[in-house]
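S.K.: Here is a sequence with its predicted model. Questions after.
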2 protein chains.
Amino acid sequence: MIVVGSGARHLEDEIRALGGELIEVEIRKFPDGEKYVRVLGSGEEATVVQSTFAPQDEKIIELLLIADALRERGVERLRAVVPYFAYSRQDRVTKEGEPVSVRAVMRALGLYYDELYVFDLHNPETLKFFPGKAVNLSPARAIAEYFAERLGEGIVLAPDRGALERAAAVAEKLGLEYSHFEKRRISPTEVQMRPVDVDVKGRNVLIVDDIISTGGTMIKAANLLREMGAEKVFVAATHGVFAEGAIERVSRAVDELAVTNTIPTPVSRISIVPDVLAL
Amino acid sequence: MIVVGSGARHLEDEIRALGGELIEVEIRKFPDGEKYVRVLGSGEEATVVQSTFAPQDEKIIELLLIADALRERGVERLRAVVPYFAYSRQDRVTKEGEPVSVRAVMRALGLYYDELYVFDLHNPETLKFFPGKAVNLSPARAIAEYFAERLGEGIVLAPDRGALERAAAVAEKLGLEYSHFEKRRISPTEVQMRPVDVDVKGRNVLIVDDIISTGGTMIKAANLLREMGAEKVFVAATHGVFAEGAIERVSRAVDELAVTNTIPTPVSRISIVPDVLAL
């Protein structure tokens, strides 16, 4: 039994098409702005799918209200599937006086949910703040399948060392070579970016990251790859948190930009729904 | 040490003027819409003042983020003062499948706060959902002081039997008579409203309620009092959750409409700040 919040309406048709049993839920706002939810079904277990892109706070509160309604109906085991987890980048105190915002949200969800599933969390260590079972799912299968044919015998690259594991997971599914970019200071004012230990000349390249916001790094990396003689350059990311104009800017710089549907965007062509239904 | 959230900025000057020690807090939004908070001070105890009018969900999440930041700084005892408590009217399941929304919010605040203070909660029984100490404060002092001179030897009325206690509290502070309206069905299609056991002729009347939204009841009551020969008719409420145009409609029907500043509105002339500082 699956309940879809307002942050997962865009996944509803595909969930149904793939055989997921959806419970109807009514979600609207009262005239004063308060959310109203009503869940029209019940069972022993329920999975609430809710991605928490903007307006994030509304979607977080909705997760609590839906859970409260399900508990009230006697549902005993509650799972939250939160494909894009809001506040995931606020994972540490960088200036004194800041909160660890992702902790507050994880703890709040832990009040109602027994299990939490997220996709490609910015800092997987923060799952420890959720009191129940918490799992970080990989988008590697989805990204690999989408780009398999386009990429051919190409290379998968991470934009930096920290993102290598994600690129490796995609490359391994495709049986391809992988590496990452590194930044090197070449003068007091200039930093050079370059892929480590791979020859991109004449080959297709897929750059894989977790989040694209402004897309600046991706554009720089793509331009560099072209200069180095790469054939086609593709860019994939799990979460398309695009700043204004970023989709157009990145798209112009590469042969194809595609992200998963954890957040609905015009380039969310890679679906994580099969992974959700496999849970 | 008092920290003021974005839902209590309108109380800041008065808190300072009355000697409250305010800790500076930075509150803004990231470009993607996530809230950023930073608390620039610390101590052993802290009181966070945050009224949760629209956008309610943002203000609730802010309460959690501010609390997380304060805990991170080592604050040991945390109090939340929530003058207007969002979702307070969603206090029971009226149709199967609904949540008890106020419970979800109370529980979430209970993750961080040891004590909760609210004003004139719609259903005070729902305070039981807060795990720590929870107190429902009365606006009676503030309303009584504001209307004392205007009302003279007048009468205080509740719009219905359920609101009698609130009217009684105001009347007792002023040493005045009080009563309530009752509704009587006089035909299958017609309901008559009338004040019980009081003669309003030639006297000033103050009608007191907890929330005014459309103001329909208040306007009906005011018109009826005029027909019955009342002198001046005043309307007071704790929370001015006004629907569009309600302030103007009610104001035209009465001699003065005033609400407390739990929510900032053009008629929020009655201050609860002294009650907050007395905690």
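M.R.: Nice, I can see it. Residues are numbered from 1 along each chain as shown, chains lettered A, B, ... in the order given.
S.K.: For chain A, just list every one of the helices.
M.R.: Using DSSP state H, the helices of chain A run over A:12-17, A:56-72, A:101-110, A:140-151, A:164-174, A:216-227, A:246-253, A:273-277.
S.K.: Phi, psi for A:Val196 please.
M.R.: When read as degrees, to the nearest 10, the backbone of A:Val196 gives phi -90, psi 130.
S.K.: number of nearby residues for it?
M.R.: Neighbour count for A:Val196, taken as other C-beta atoms under 10 Å in any protein chain shown: 12. For the C-beta atoms, the positions are set from N, CA and C on the backbone; glycine is no exception.
S.K.: What residues does it make contact with?
M.R.: The contact partners of A:Val196, by C-beta atoms under 8 Å, 6 or more residues apart in numbering or on different chains, come to A:179-182.
S.K.: do the same with A:Val48
M.R.: A:2-5, A:63, A:66-67, A:70, A:78-81, A:113.
S.K.: Which other helices and strands does the helix or strand bottoming out on mean pLDDT in chain A contact?
M.R.: Taking mean pLDDT, DSSP states H and E as the measure, strand A:190-195 is the helix or strand of chain A with the lowest mean score, a mean of 88. Other elements packing on strand A:190-195 under the criterion 3 or more C-beta pairs under 8 Å, 6 or more residues apart in numbering or on different chains; DSSP states H and E are strand A:177-187, helix A:216-227.
S.K.: How about residues contacting the longest one?
M.R.: Counting by C-beta under 8 Å, 6+ apart, the neighbours of helix A:216-227 from elsewhere in the structure are A:157, A:159-160, A:181, A:193-195, A:200, A:205, A:207, A:209, A:212, A:233, A:235, A:249-250, A:253-254, A:257.
S.K.: at 7 Å what do you get?
M.R.: With contact meaning C-beta atoms under 7 Å, 6 or more residues apart in numbering or on different chains, helix A:216-227 is reached by A:159, A:181, A:193, A:200, A:205, A:207, A:212, A:233, A:235, A:249-250, A:253-254.
S.K.: tell me which residues in it are buried?
M.R.: A:217-219, A:221-222, A:224-226 (16 or more other C-beta atoms under 10 Å in any protein chain shown).
S.K.: just the shortest one next, same as before
M.R.: When burial is assessed from 16+ other C-beta under 10 Å, strand A:177-187 yields the following buried residues: A:178-181.
S.K.: which of those residues are close to chain B?
M.R.: When these are checked against chain B using C-beta under 7 Å from any C-beta of the partner chain, none falls in range.
S.K.: Out of the residues you listed, which two sit at the greatest distance?
M.R.: A:Tyr178 and A:Phe181 (11.7 Å; C-beta to C-beta).
S.K.: Need the overlap of contacts for those two.
M.R.: A:Leu157.
S.K.: could you list every residue that touches A:Ser6?
M.R.: A:27, A:59, A:62.
S.K.: A:Arg73 now?
M.R.: Counting by C-beta under 7 Å, 6+ apart, A:Arg73 has contacts A:39, A:42, B:97.
S.K.: Buried among those residues? Make that a PyMOL selection.
M.R.: To isolate the buried ones among these in PyMOL, judged by 16+ other C-beta under 10 Å, type:
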select buried, (chain A and resi 39+42) or (chain B and resi 97)
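S.K.: where's the residue in the stretch 101-250 of chain A that chain B sits nearest to relative to B:Thr262, distance?
M.R.: At 4.2 Å from chain B, A:Ala104 is the closest residue in the stretch 101-250 of chain A, using C-beta to the nearest C-beta. A:Ala104 sits at a distance of 24 Å from B:Thr262 (criterion: C-beta to C-beta, to the nearest Å).
S.K.: same question, A:Val241
M.R.: On the measure of C-beta to C-beta, A:Val241 and B:Thr262 end up 35 Å apart.
S.K.: What of A:Gly162?
M.R.: With C-beta to C-beta as the criterion, A:Gly162 and B:Thr262 are 47 Å apart.
S.K.: These two: which has the busier surroundings?
M.R.: The neighbour count for A:Gly162 versus B:Thr262, taken as other C-beta under 10 Å, is higher for B:Thr262 (32 against 11).
S.K.: contacting residues around that one?
M.R.: Going by C-beta under 7 Å, 6+ apart, B:Thr262 touches B:51, B:83-84, B:119, B:238-239, B:272.
S.K.: closest to B:Asp13 among those?
M.R.: B:Ile272 (14.3 Å).
S.K.: Run a quick neighbour tally on the closest one.
M.R.: With other C-beta under 10 Å as criterion, B:Ile272 counts 26.
S.K.: cool, and the one 3 residues further on?
M.R.: Neighbours of B:Asp275 under the rule other C-beta under 10 Å: 19.
S.K.: So it sits against B:Asn136, correct?
M.R.: No: using C-beta atoms under 7 Å as the test, B:Asp275 is too far from B:Asn136 to be in contact (11.7 Å).
S.K.: just to revisit the earlier point, tally of neighbours for the residue of the stretch 101-250 of chain A closest to chain B?
M.R.: 26.
S.K.: check contacts around it.
M.R.: A:Ala104 neighbours (C-beta under 7 Å, 6+ apart): B:64-65, B:68.
S.K.: Could you do A:Asp32 as well?
M.R.: Counted by C-beta under 7 Å, 6+ apart, A:Asp32 has contacts B:54, B:213, B:241.
S.K.: A:Glu44 too?
M.R.: Per C-beta under 7 Å, 6+ apart, neighbours of A:Glu44: A:75-77.
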